[in-house]
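>>> starting from these lines, generate the structure:
(2 chains)
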Amino acid sequence: MIALLLRDLKLAFRAGGGFGLGLAFFLIVTVMVPFSVGPQSELLARIAPGVLWLGALLACLLSLDRLLALDWEDGSLDLLATAPLPLESTVTIKALAHWITTGLPLVLAAPVLGVLLNLPVLGFQWLVVSLLLGTPALSVIGTFGAALTVGLKRGGLLMSLLVMPLYVPTLIFGSEVARRGAEGMAVQTPLLLLAGISAASIALLPFASAAVLRVNLR
Amino acid sequence: MTLTVTDLGVARGGIPVLEGLSFALAPGKALILRGPNGIGKTTLLRTVAGLQPPLKGRVEGAEDQIAYAAHSDGLKPTLTVAENLTFWASVFGRNGIEQALDGFDLQTLRDRQAGALSAGQKRRLGLSRMLVTGRPVWIMDEPTVSLDTTSVAMFADAVRAHLGQGGSALIATHIDLGLEAEVLDVGPYKAKPPEIDDFDGGFL
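So this is what the prediction gives:
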């Protein structure tokens, strides 16, 4: 399992691995929003948590396309399916590798980009906490979407449409945590719901992903 | 452990291609599958490998015993030859890739990126993966594609050594490998087209 994780990380950092794609997209979104909204610092401060969360979510979505498709194309997925590793753990490791290469950099970059959007000081810690809790769910749900569409050529469009509704609860509660935190309100309720969604996704979805992957490999 | 296939029927894309196939593969033996293109050799091998369920019949003794080599080698172009092999070795819970590198004459290429290999070299790397798996039953689909005669001989030696150690091999190929192996022509097992019960059946 560790070998698979290390390989995926190594592949992500090598040429053409796609590391930084999500990060660059996140950067572009948050840098461009002030230009399009205009120099109204109050308005920016109000929309900052939502924009940062939406940017992070779309950045995650952008890199899902290659999560399993590359392994499918070069035949590794067939070989992994016949390896001693159960497919459930294969998809979990894949999701973990995706989170480390996409989710974690977003969490770390978010406070820096929050400055560009005039995020209130109180909001920084809650933004980081909410992203840290929410992005694993985005990766796991995304892996499920990637498993569903793995056999399709250019399945990115279908996958985005399938994954979008599943991302909605995470987005709602994640940005709610960040917004309430920024306005100095209590964050407990959305925070617990966000954590609950992540925990449930991580616990249940690998089984669903492995099941659909088995069907798609036929 | 003997691989036993009983009255197997397999389907590709929902259409039955082979049926009524039975054979047994004992340790130390090799079985060569022959048959025209499209007859279902790949489908049969994928079914035996457990990648798709059989239409009917049973496959016994394959679970956690097989190493599968498909048309594509499952290589990552940005990893080196040694990294690719080490990865597969550790996935199968083994270490030591030297023997595999020696067996397919890859020592001089070990630090070359797999993307920079020629088609034949890639194929050799893909086949050397079988050596690092440590699995007793090799299932191989057209293993000699893009190999030159020297490499084919190298491959035949590897298979012979594997059989000598009590392993077995199920190989779909069209060329003569010079192995002491049974040959199974799957042509006669071609599935009959499904019967249409009534006129409407053809439209459903």
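>>> show me where the chain has helices.
Chain wasn't specified; assuming chain A. Counting by DSSP state H, chain A has helices at residues A:2-13, A:21-37, A:41-62, A:65-73, A:76-81, A:87-98, A:104-116, A:123-148, A:156-182, A:188-217.
>>> wrong chain, I was asking about chain B
Here chain B has its helices, by DSSP H, at B:41-48, B:81-91, B:98-103, B:119-133, B:149-164.
>>> and the angle for the fourth one with helix B:149-164?
Taking axes from the mean of the first three to the mean of the last three C-alpha atoms, to 10 degrees, one finds that helix B:119-133 is oriented at 10 degrees with respect to helix B:149-164.
>>> which secondary structure elements does helix B:119-133 contact?
strand B:66-69, helix B:81-91, helix B:98-103, strand B:137-141, helix B:149-164 (3 or more C-beta pairs under 8 Å, 6 or more residues apart in numbering or on different chains; DSSP states H and E). (Glycine included, C-beta is placed from N, CA and C.)
>>> quick one: buried residues of that helix?
Of the residues in helix B:119-133, those with enough neighbours to count as buried (16 or more other C-beta atoms under 10 Å in any protein chain shown) are B:121-133.
>>> residue nearest the centroid of chain B?
Relative to the mean C-alpha position of chain B, the nearest C-alpha, by C-alpha atoms, centre = their mean, is the one of residue B:140, at 1.6 Å.
>>> so that residue touches residue B:170, yeah?
Yes: in terms of C-beta atoms under 8 Å, residue B:140 counts as a neighbour of residue B:170; the distance is 7.2 Å.
>>> nearest residue to the closest residue to chain A within chain B in space, please, no chain neighbours.
Relative to chain A, the nearest point of chain B is residue B:72 (3.1 Å; C-beta to the nearest C-beta). The spatially closest residue to residue B:72, leaving aside those adjacent along the chain, is residue A:75, at 3.1 Å (C-beta to C-beta, 6 or more residues apart in numbering or on different chains).
>>> overlap in contacts of residue B:140 and residue B:170?
Taking C-beta atoms under 8 Å, 6 or more residues apart in numbering or on different chains as the contact rule, residue B:140 and residue B:170 both touch residue B:45.
>>> for the helices of chain B, which one sits closest to residue A:53?
With distances scored as C-beta to C-beta, the stretch of the helices of chain B nearest to residue A:53 is helix B:81-91 (35.7 Å).
>>> list the contacts of residue A:145.
For residue A:145, the contacting residues are A:64, A:159, A:160, A:162, A:163, A:166, by C-beta under 8 Å, 6+ apart.
>>> quick one: the residue nearest to the centre of chain B from residue B:152, how far?
Using C-beta to C-beta, to the nearest Å, one gets 13 Å for the distance from residue B:140 to residue B:152.
>>> quick check: residue B:158 touching residue B:102?
No: using C-beta under 8 Å, residue B:158 is not in contact with residue B:102, being 10.2 Å away.
>>> what sits up against stretch B:33-43?
Stretch B:33-43 has contacts (C-beta under 8 Å, 6+ apart) with B:10-12, B:17-18, B:44-45, B:52, B:70-71, B:141, B:170-174, B:183-187, B:190-191.
>>> now the buried members of those.
Judged by neighbour count, with 16+ other C-beta under 10 Å as the criterion, the buried members of the contacts of stretch B:33-43 are B:10-12, B:17-18, B:44-45, B:52, B:70, B:141, B:170-173, B:184, B:186, B:190-191.
>>> list, out of those residues, those positioned next to chain A.
The subset of these lying close to chain A, counting by C-beta under 8 Å from any C-beta of the partner chain, consists of B:52, B:70.
>>> could you give the number of residues near residue 164?
Here I'm looking at chain A. Residue A:164 is surrounded by 13 other residues when neighbours are defined as other C-beta atoms under 10 Å in any protein chain shown.
>>> look at chain B instead
Neighbour count of residue B:164, defined by other C-beta under 10 Å: 9.
>>> same question, residue A:132
16.
>>> what about the nearest residue to it once chain neighbours are set aside, distance to residue A:146?
If the residues on either side of it in the chain are set aside, residue A:132 comes closest to residue A:107, at 5.2 Å by C-beta to C-beta, 6+ apart. Here residue A:107 is placed at a distance of 21 Å from residue A:146 (C-beta to C-beta).
>>> what does residue B:189 give?
For residue B:189, the distance to residue A:146 under the criterion C-beta to C-beta works out to 37 Å.
>>> same deal with residue B:13?
Taking C-beta to C-beta as the measure, residue B:13 and residue A:146 are separated by 22 Å.
>>> before we move on, what about residue B:19?
Counting by C-beta to C-beta, the separation of residue B:19 from residue A:146 is 35 Å.
>>> more neighbours: the two, which one.
residue A:146 (29 against 18).
>>> what about the more buried one, distance to chain B?
As judged by C-beta to the nearest C-beta, to the nearest Å, residue A:146 and chain B stand 18 Å apart.
>>> residues near residue A:157, how many?
Residues contacting residue A:157 under the criterion other C-beta under 10 Å number 11.
>>> typo on my end, residue A:22
For residue A:22, which is what you asked about, the neighbour count (other C-beta under 10 Å) is 25.
>>> how about the residues of chain A near chain B?
A:2-4, A:7, A:10-11, A:14-17, A:71, A:73-76, A:78-85, A:217-218.
>>> circling back: okay, the helices of chain A in a markdown table with distance to residue B:96 and mean pLDDT next?
A markdown table is the format used below for the helices of chain A (distance: least, C-beta to C-beta, whole Å; pLDDT from 0 to 100):
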| stretch | distance to residue B:96 | mean pLDDT |
| --- | --- | --- |
| helix A:2-13 | 14 | 84 |
| helix A:21-37 | 36 | 91 |
| helix A:41-62 | 39 | 91 |
| helix A:65-73 | 25 | 86 |
| helix A:76-81 | 19 | 88 |
| helix A:87-98 | 23 | 92 |
| helix A:104-116 | 34 | 91 |
| helix A:123-148 | 32 | 94 |
| helix A:156-182 | 39 | 92 |
| helix A:188-217 | 29 | 94 |
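>>> which of those helices sits most buried?
Counting by mean count of other C-beta atoms under 10 Å in any protein chain shown, helix A:123-148 has the highest mean neighbour count of these, with a mean of 25.
>>> next one: that helix to chain centre, how far?
Counting by C-alpha atoms, centre = their mean, to the nearest Å, helix A:123-148 is centred 5 Å from the centre of its parent chain.
>>> looking at the helices and strands packed on helix B:119-133, which has the lowest confidence?
When the helices and strands packed on helix B:119-133 are ranked by mean pLDDT, helix B:98-103 comes last with a mean of 84.
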